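**Q** Provided below for reference: sequence and predicted model.
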Amino acid sequence: MVGQRFVQLLDEHPWFEVVSIAASSKSAGKTYEESVQNRWKMSGPIPEKVKNIIVQDAAKVEEVAADVDFVFCAVDMKKDEIRALEEAYAKTGTPVISNNSAHRWTPDVPMVIPEINPEHIEVIAAQRKRLGTKTGFIAVKPNCSIQSYVPALNALLDFKPTQVVASTYQAISGAGKNFTDWPEMLDNVIPYIGGEEEKSEQEPLRIWGHVSGGEIVKASSPLITTQCIRVPVTDGHLATVFVSFENKPSKEEIIERWRQFAGRPQELGLPSAPKQFITYFEEENRPQTKLDRDIERGMGVSVGRLREDSLYDYKFVGLSHNTLRGAAGGAVLIAELLKAEGYIVAK
């Protein structure tokens with residue numbers, strides 16, 4: 001599903017053109033249209049420009065890499081196989097922008113939300129040295145679940161958040177499914193998503209870490225605990241968040257920080273960057289998944305229901321689109337940042 005979203009987002013992209021699609025040997029040799037026959041899950045049609053591209057075997061690394069300037073990677077394989085595949089592409093001098101989790105904790109691989117930690121791409125120099133390449137590297141995006149609350153918390157780091165409780169209510173597209181594939185999700189909630197809670201508690205600390213000695217050193221605070229729940233919606237991950245601070249801000253200060261928060265993508269005017277990264281709703285019943293997941297073309301984050309709490313300092317609700325900001329769209333924005341900063345160039 002993320003691969004299909006990449007194909008859709010890159011259609012008519014002002015900077016990037018899809019010239020090659022690679023997958024498993026089962027799909028190799030077919031046209032892209034044939035390979036996704038009866039499995040196309042996007043609401044719009046397959047873009048005309050890619051329908052007749054002949055799918056290549058992703059395992060034939062040198063062959064695929066020869067045709068492209070860089071690679072987006074979203075595959076369903078074992079983690080050690082993904083690590084080996086992505087490093088093989090990087091060693092050909094081909095940058096890899098990965099939607100996969102395999103390299104999120106590799107010390108010299110940047111895991112980036114472009115508005116929050118663009119400086120982490122500086123670690124690429126150390127990674128290139130390790131891999132023995134002058135132009136190749138791997139950069140990854142973090143888990144989709146954290147996008148609904150990490151941007152809102154990041155805007156408040158000056159007030160030193162100490163404890164965070166986040167419960168995420170995650171769409172079925174996060175599992176690569178729709179209701180046709182997964183009818184048992186209708187009128188149902190599943191209170192478990194494998195591996196998701198550990199990612200949701202630990203990945204923010206890497207995002208808030210710093211580069212030292214050629215690797216990313218994760219932050220030691222705040223303390224984060226989460227619960228991650230699958231709910232019957234197509235797209236959009238919603239989070240309910242409780243937070244305490246060392247220096248408690250006023251409600252007005254928090255809302256002002258959210259509304260004014262912008263990062264490097266906004267400074268650079270990157271094509272996929274939302275103009276307003278965080279939108280705050282005053283209405284008591286917003287954000288709503290169906291109404292608000294597509295804010296800023298699915299690349300913005302919305303928050304609402306900010307109020308003081310009896311146990312923690314504040315509580316609020318956050319929402320992000322899990323396959324746009326949280327997956328393919330976030331990876332495209334990373335690629336735009338890396339091109340703008342001179343890390344991705346035409347071969």
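**A** Perfect, thanks for sending it.

**Q** count of residues packed around Pro142?
**A** 23 (other CB atoms under 10 Å). Glycine gets a C-beta too; all of them are placed from N, C-alpha and C.

**Q** can you tell me how far it sits from Ser101?
**A** According to CB to CB, to the nearest Å, Pro142 stands 9 Å off from Ser101.

**Q** cool, and His210?
**A** In terms of CB to CB, His210 sits 22 Å off from Ser101.

**Q** the more surrounded of the two?
**A** Ranked by neighbour count (other CB under 10 Å), His210 and Ser101 place Ser101 first, with 17 against 12.

**Q** quick one: furthest residue from the center of this protein?
**A** Most distant from the centre of the chain: Ser310, at 32.8 Å, with distances by CA atoms, centre = their mean.

**Q** do you know the pLDDT at it?
**A** In this model, Ser310 is scored at 98, pLDDT.

**Q** before we move on, what about Tyr32?
**A** 97.

**Q** now do the phi/psi pair for it.
**A** Taking degrees, to the nearest 10, you get phi -60, psi -40 for the backbone angles of Tyr32.

**Q** can you check the one 3 residues further on too?
**A** Note on Ser35: backbone dihedrals following degrees, to the nearest 10 are phi -70, psi -30.

**Q** if you skip the residues just before and after it, what's nearest to it?
**A** Excluding its sequence neighbours, the residue lying closest to Ser35 (CB to CB, 6 or more residues apart in numbering) is Ser27, at 4.1 Å.

**Q** ok, Ser20 next?
**A** The shortest distance from Ser20 to any non-neighbouring residue, by CB to CB, 6+ apart, is to Asp67 (4.8 Å).

**Q** state the distance from the one you found to Pro47.
**A** According to CB to CB, Asp67 stands 18 Å off from Pro47.

**Q** all helices of the stretch 1-150 of the chain, in order?
**A** 2-10, 32-35, 48-51, 61-65, 79-91, 124-131, 150-154 (DSSP state H, counting those that start in this stretch).

**Q** pretty sure the residue nearest to Ser35 sits against Glu33.
**A** No - contact criterion CB atoms under 8 Å: Ser27 and Glu33 do not qualify, at 11.4 Å.

**Q** is Asp169 within a helix or a strand, and which one?
**A** Careful, residue 169 is Tyr and not Asp. Tyr169 is part of strand 161-170, with elements assigned from DSSP states H and E.

**Q** what residues of that strand count as buried?
**A** For strand 161-170, burial by neighbour count (16 or more other CB atoms under 10 Å) applies to Pro161, Gln163, Val164, Val165, Ala166, Ser167, Thr168, Tyr169, Gln170.

**Q** tell me the secondary structure of the spatially closest residue to the second one that is not a sequence neighbour, please.
**A** Taking CB to CB, 6+ apart as the measure, Gln163 lies nearest to Ser244, with 4.7 Å between them; neighbours along the chain are not counted. Judged by DSSP: H, G, I helix; E, B strand; the rest coil, the three-state class of Ser244 is strand.

**Q** repeat for the one 10 residues further on
**A** Under three-state DSSP, the three-state class of Ile254 is helix.

**Q** give the contact list for it.
**A** Counting by CB atoms under 8 Å, 6 or more residues apart in numbering, Ile254 makes contact with Leu156, Leu306, Tyr314.

**Q** contacts only, for the first one.
**A** By CB under 8 Å, 6+ apart, the contact set of Leu156 is Val243, Phe245, Pro249, Ile254, Arg257.

**Q** for the nearest residue to Asn143 once chain neighbours are set aside, what is the enclosing helix or strand?
**A** Excluding the flanking residues, the one nearest Asn143 by CB to CB, 6+ apart is Lys199, at 4.3 Å. Using DSSP H and E, Lys199 sits in helix 196-207.
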